[in-house]
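**Student:** the following comprises the amino acid sequence and a computationally predicted model.
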Amino acid sequence: MKASYFEGHGGPEVLIYGDLPDPVPGPGEVIVDIHAASVNAADVKVLEGGTYGEVESFPYILGRDFSGVVASLGEGANDFAVGDPVFGVCERGQEGTYAEKIAMDQALLTSKPDNLSHIDAAALALPGLTAIISIEETIKLQADEKILIQGGAGGVAGFAIELAKHIGAHVITTCSARNIDYVRRLGADEVIDYNAQDFTEILTDCDAVFETVGGGVTQKSFAVLKPGGRLAGIASGPKAPDSPRDDVESLRPAVGRDRKYMERIIALRDAGVVQVPPIETYALENAAAALTKSAGRHLTGKLVLQVR
């Protein structure tokens, strides 16, 4: 099969597009012919090494969420039939969607609706999963609470804005000037242009912060919380961010991969609560260019690799 992979840590330039052996399904697994694979901020961090640790064996294929068609079944895999369209997110510790095929535990796959393209399904999978677990299960956001969602134009944050608004919260977000209209359409009640304003000089008494940017933004975000407030961060590695305050909670969402979350994404989309974000597509052989764009951190919506 064709894949974009690497044989040593570095920047996007170390990615190789070439042939690797086809995967073989184990018990309870299926082989999926991948049609589209999402590009996520974590992919660059895995490629570089450090934040998520060093890869133990090479060659290594990046990628966590995808959409495709079931190509073959392993022993005991009977949830799907060959030819079924599916989408999903790899189990934590597993990657490999920057490729034409992947072996997946059938329990991590969900049927893809006919009215959702493979590209759109790939764009919704991990962002939707992360936002649902962060907003509903980690922060436990309630109606009438005030939440700051950092980096609102990104895929995860955009889904989170829509979900938080659906819950009935007062939603504040940060973005660049060119994305202000976009995040308002998603449902943001207040928008702060991070290039023109310091959010710490504007905001106080937030019940919650959902932090998706990382770096110095994470530490600054604790300042806007009221006592007893909670911050959930996903951009500072696998652990909860270190908090400079002892009167607030610092949380790291445990992003599980249960099929129920994929089904909830579809239900929210069908109900009109969330929409497919703007998508920029790249061919699989151009995955390095997609990662370069992702590393720039100034995205609107999602980047997706069109594999087939």
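**Tutor:** Received the coordinates, thanks. This one's a predicted model, so the numbers in the text were calculated from it and none came from an experiment.

**Student:** from one end of stretch 34-49 to the other, what's the distance?
**Tutor:** Distance between the boundary residues of stretch 34-49 (Cα to Cα, to the nearest Å) amounts to 26 Å.

**Student:** sorry, wrong one. I was asking about stretch 198-211.
**Tutor:** The first and final residues of stretch 198-211 sit 15 Å from each other (Cα to Cα).

**Student:** what does that stretch contact?
**Tutor:** Stretch 198-211 is contacted by residues 134-135, 139, 141-142, 145-150, 157, 160, 164, 172, 174, 192, 217-218, 220-226, 229-236, 241 when judged by Cβ atoms under 8 Å, 6 or more residues apart in numbering. For every residue, glycine as well, the C-beta is placed using N, CA and C.

**Student:** helices of the stretch 1-150 of the chain, start to end?
**Tutor:** Ranges of helices within the stretch 1-150 of the chain are 41-48, 118-132, based on DSSP state H, counting those that start in this stretch.

**Student:** any idea how the chain splits into domains?
**Tutor:** Domain ranges of the chain: 2-125+277-306, 126-251, per automatic domain parsing.

**Student:** need those in TSV (columns: distance to Ile265, mean neighbour count and mean pLDDT).
**Tutor:** Listed next are these as TSV, based on distance: least, Cβ to Cβ, whole Å; neighbours: other Cβ atoms under 10 Å; pLDDT from 0 to 100:
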stretch	distance to Ile265	mean neighbour count	mean pLDDT
domain 2-125+277-306	5	19	95
domain 126-251	4	20	96
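
**Student:** between those, which one is closest to Arg264.
**Tutor:** Arg264 sits nearest to domain 126-251 of all those, at 6.0 Å, using Cβ to Cβ.

**Student:** and the closest one, how far out from the chain's middle?
**Tutor:** Distance of domain 126-251 from the chain centroid (Cα atoms, centre = their mean, to the nearest Å) equals 15 Å.

**Student:** so Ala157 touches Leu163, yeah?
**Tutor:** No - between Ala157 and Leu163 there is no contact under Cβ atoms under 8 Å: 10.5 Å.

**Student:** report the set of residues contacting both of the two.
**Tutor:** Ala131.

**Student:** find the nearest non-adjacent residue to Ser221, please.
**Tutor:** Leaving aside its sequence neighbours, Ser221 sits nearest to Val209 (Cβ to Cβ, 6 or more residues apart in numbering; 4.7 Å).

**Student:** just the element for the one you found, please.
**Tutor:** Using DSSP states H and E, Val209 falls within strand 206-211.

**Student:** what lies in contact with the next helix or strand after that strand?
**Tutor:** Using DSSP H and E, the next helix or strand after strand 206-211 towards the C-terminus is helix 216-221. Outside helix 216-221, the residues that touch it by Cβ under 8 Å, 6+ apart are 148, 150-151, 199-200, 209, 211, 231, 233, 235-236, 241-242, 244.

**Student:** show me what the lengthiest strand in the chain is packed against.
**Tutor:** Ranked by number of residues, the top strand in the chain under DSSP state E is strand 29-39. Other elements packing on strand 29-39 under the criterion 3 or more Cβ pairs under 8 Å, 6 or more residues apart in numbering; DSSP states H and E are strand 65-73, strand 101-105, helix 118-132, helix 287-295, strand 302-306.
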